[in-house]
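**Student:** build me a model from this:
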Amino acid sequence: MAMAFAVAIGILTVLSGLSVANFVSVARAHALAQVGANESFAILGDPGGGRLLDGGTARLRVNVSVSNPNSRSLVFDTVIYKAWIEDRPRETGSNASRSDALVEDGGSMRWFHKVFSGSNTSSRGAVPAYGVGVVPLVLDLRMVPDPLLFQGVQNITDFAISEGTSPAAIPWLIFILTSLYIDGVPQPESPTAPLYLLSVVRIVLQFGVDYGE
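**Tutor:** Alright, predicted model coming up:
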């Protein structure tokens with residue numbers, strides 16, 4: 001409640017002298033914008049019976065989408081991402097030393113191995129008013145420069161094939177933290193402006209759970 005009040009005060013301060021409609025549109029942008037993500041996984045390279053060979057590539061595609069049911073357009077600033085693949089070998093009692101996240105799923109305990117993490121600041125993609133904007137992420141893992149991580153994914157995907165499961169069907173967990181600028185909202189002139197004023201010009205949205213390192 002205190003944060004919402006501070007943001008509202010910040011909007012009034014930044015938009016001082018402008019119309020009530022401007023205030024409402026910025027407040028709605030903060031309240032209504034939503035982020036989602038969907039992923040697809042594939043193994044690329046020389047044919048190996050579907051297996052990830054040493055010269056191959058494990059590729060995860062993630063489409064980060066922001067819906068904007070508001071009259072002000074938005075612009076992506078930063079997209080921070082993390083992605084974990086389900087570690088079935090660990091769940092069946094092997095490779096217990098692998099660094100995984102333990103996730104409770106109803107009455108069961110599942111292990112997920114972090115494969116990708118980083119940030120994207122190059123897209124500057126737009127989210128139109130009353131529309132949806134998408135930042136496509138193409139995340140590749142190869143033997144070089146990440147041999148240990150690559151071999152872990154090899155083990156997980158080989159195990160899936162041994163169970164009769166396509167590597168493309170292995171579950172993933174995706175975490176997204178993205179910030180967007182609101183079109184037409186002036187930034188505070190002072191670099192020492194209060195945080196609530198700085199937060200008015202940007203929206204920060206989260207998808208999924210961050211299970212840490």
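
**Student:** and P145, what element?
**Tutor:** Counting by DSSP states H and E, no helix or strand carries P145.

**Student:** just the local confidence number for it, please.
**Tutor:** pLDDT, P145: 94.

**Student:** how about it, what does it touch?
**Tutor:** If you count contacts by Cβ atoms under 8 Å, 6 or more residues apart in numbering, P145 has none. (C-beta placed from N, C-alpha, C; glycine too.)

**Student:** so what's the residue sitting nearest the centre point of the chain up against?
**Tutor:** Centroid-nearest residue in the chain, with Cα atoms, centre = their mean: I176, separated by 2.0 Å. I176 is in contact with V35, A37, V62, V64, V79, I80, Y81, L205, Q206, F207, G208, counting by Cβ under 8 Å, 6+ apart.

**Student:** and if we set it to 10 Å?
**Tutor:** Neighbouring residues of I176 by Cβ atoms under 10 Å, 6 or more residues apart in numbering: 35-37, 62, 64-66, 79-83, 135, 137, 205-208, 210.

**Student:** cool, N68 as well?
**Tutor:** Contacts of N68 (Cβ under 10 Å, 6+ apart): 28-29, 32-34, 74, 126-133, 180, 182, 203.

**Student:** do you know how far the closest residue to it other than its chain neighbours is from V134?
**Tutor:** Leaving out its chain neighbours, the residue that sits closest to N68 by Cβ to Cβ, 6 or more residues apart in numbering is V127, at 4.6 Å. Counting by Cβ to Cβ, to the nearest Å, the gap between V127 and V134 amounts to 9 Å.

**Student:** more neighbours, those two?
**Tutor:** Per other Cβ atoms under 10 Å, whichever of V127 and V134 has more neighbours is V127, with 26 against 14.

**Student:** that one against D183, yeah?
**Tutor:** Yes - V127 lies in contact with D183 (Cβ atoms under 10 Å); the separation is 9.2 Å.

**Student:** find the residues that touch each one of those two.
**Tutor:** A29, R72, S73, L74, V75.

**Student:** tell me the contacts of the closest residue to the third one other than its chain neighbours?
**Tutor:** Using Cβ to Cβ, 6+ apart and skipping the chain neighbours, the partner closest in space to S73 is D183 (4.3 Å). By Cβ under 10 Å, 6+ apart, D183 lies in contact with S25, V26, A29, S71, R72, S73, L74, V75, A126, V127, P128, A129.

**Student:** let's see if you can find the most crowded of those residues.
**Tutor:** Most surrounded of these: other Cβ under 10 Å gives V26, at 28 neighbours.

**Student:** what ranges do the helices span in the protein?
**Tutor:** Assigned by DSSP state H, the chain shows helices spanning 2-14, 20-32, 88-91, 147-162, 195-200.

**Student:** packing partners of the fourth one?
**Tutor:** The one in question is helix 147-162. Judged by 3 or more Cβ pairs under 10 Å, 6 or more residues apart in numbering; DSSP states H and E, helix 147-162 is in contact with strand 34-44, strand 57-68, strand 74-86, helix 88-91, strand 108-120, strand 131-141.
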